[in-house]
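Asks: Sequence plus the predicted model coming up.
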Amino acid sequence: PYLVPVVILIVGPATWVEKFPEARGTRQSPVDIVTSRASSGGSAPPLVWRYSVNHPRSVVNPGYCWRVDENGYDSELRGGPLGSDVYKLQQWHCHWGSVNGEGSEHTVDGRAFSGELHLVHWNTSKYNSFTEAAGQPDGLAVLGVLLMVGSKHDELDKVVRLLPYIQHKGDKVTFSEPLNPANLLPKRIAYWTYPGSLTTPPCTESVTWILFKEPVQVSAEQVRLNLCYYVNGKNV
Ligand SMILES: NS(=O)(=O)c1ccc(S(=O)(=O)c2ccccc2)s1
Ligand SMILES: [Zn+2]
């Protein structure tokens, strides 16, 4: 009998451990939030945030999803699980799925959502730069917002309507329309929090995750726009 050459192609997260040893760690994200196992918040102080609204921002196609860079403008995130440290917003980006109803990174009791927004902050009380903070266990704090299909999201639309102009990896467009990242967050600010990692390479275990319980609604058209412009620009 002739020998059939068998080629096993391993792509995606399974190969990340080869290049990024952190991916083999003990606090890897994303995770499934098992709500029955979450402890109550106890006496944690309230989570508070303040963002700059009127400054130029740039939307970039990094090859997966889209990213908005805050370009160093002032902002603050403190309280909740963050102890006495003050964190600053560096960038925010999203993760979308190719099939409606899937695409979020975190799942809640095994349920995936249509997308997930991440607002990435770094610890300015302890570190001098985002890059330095990104390598420290208490360096980053990411606010996670679950997205579900429903009514159109007007604040998010300020970015979605620019996607046709950044269809390919590396494309970037700058806009100065006022935008308040606080308007991307849900009305109810109840959240789950756990010590985790970046969900994409280098998978560094430097993220305090703060995932809001209440999903935020985006329209089916907004999901479609994200999909069609991110399938093209996406690393495939
Ligand atoms: N999805 S996530 O929020 O966990 C995430 C992945 C990557 C980043 S990063 O671009 O900020 C970054 C941070 C450090 C090194 C390289 C990139 S944030
Ligand atoms: Zn992310």
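Replies: Received, thanks. A quick note: this is a predicted structure, and the numbers were derived from the prediction, not measured. Residues are numbered from 1 along each chain as shown. Ligands and ions are numbered 1, 2, ... in the order given.
Asks: What does the closest residue to H106 other than its chain neighbours show for phi and psi?
Replies: Residue nearest to H106 in three dimensions, not counting chain neighbours: P30, with 4.5 Å by CB to CB, 6 or more residues apart in numbering. To be clear about C-beta, it is placed using only N, CA and C from the backbone, and glycine gets the same treatment. Per-residue torsions, P30: phi -80, psi 170 (degrees, to the nearest 10).
Asks: before we move on, what about T26?
Replies: The phi/psi pair for T26 (degrees, to the nearest 10) reads phi -100, psi -10.
Asks: what residues are up against it?
Replies: E205 (CB atoms under 8 Å, 6 or more residues apart in numbering).
Asks: Please tell me how far the residue nearest to H106 sits from A112.
Replies: To A112, P30 is 10 Å away according to CB to CB, to the nearest Å.
Asks: Check whether stretch 181-199 comes close enough to ligand 1 to count as a contact.
Replies: Yes. Using CB under 6 Å from any ligand atom, stretch 181-199 comes into contact with ligand 1 via L198, T199.
Asks: S219 and L147 touch, don't they?
Replies: No. Using CB atoms under 8 Å, S219 is not in contact with L147; the gap is 10.5 Å.
Asks: Please say which of the two ends up with more neighbours.
Replies: L147 (26 against 16; other CB atoms under 10 Å).
Asks: What helix or strand is that one located in?
Replies: Using DSSP states H and E, L147 sits in strand 140-149.
Asks: Who does that strand pair with, and is each partner parallel or antiparallel?
Replies: Counting by DSSP bridges, the strands paired with strand 140-149 are strand 115-123 (antiparallel), strand 207-212 (parallel), strand 216-218 (parallel).
Asks: Next, count neighbours for T174.
Replies: 12.
Asks: Understood, closing this out.
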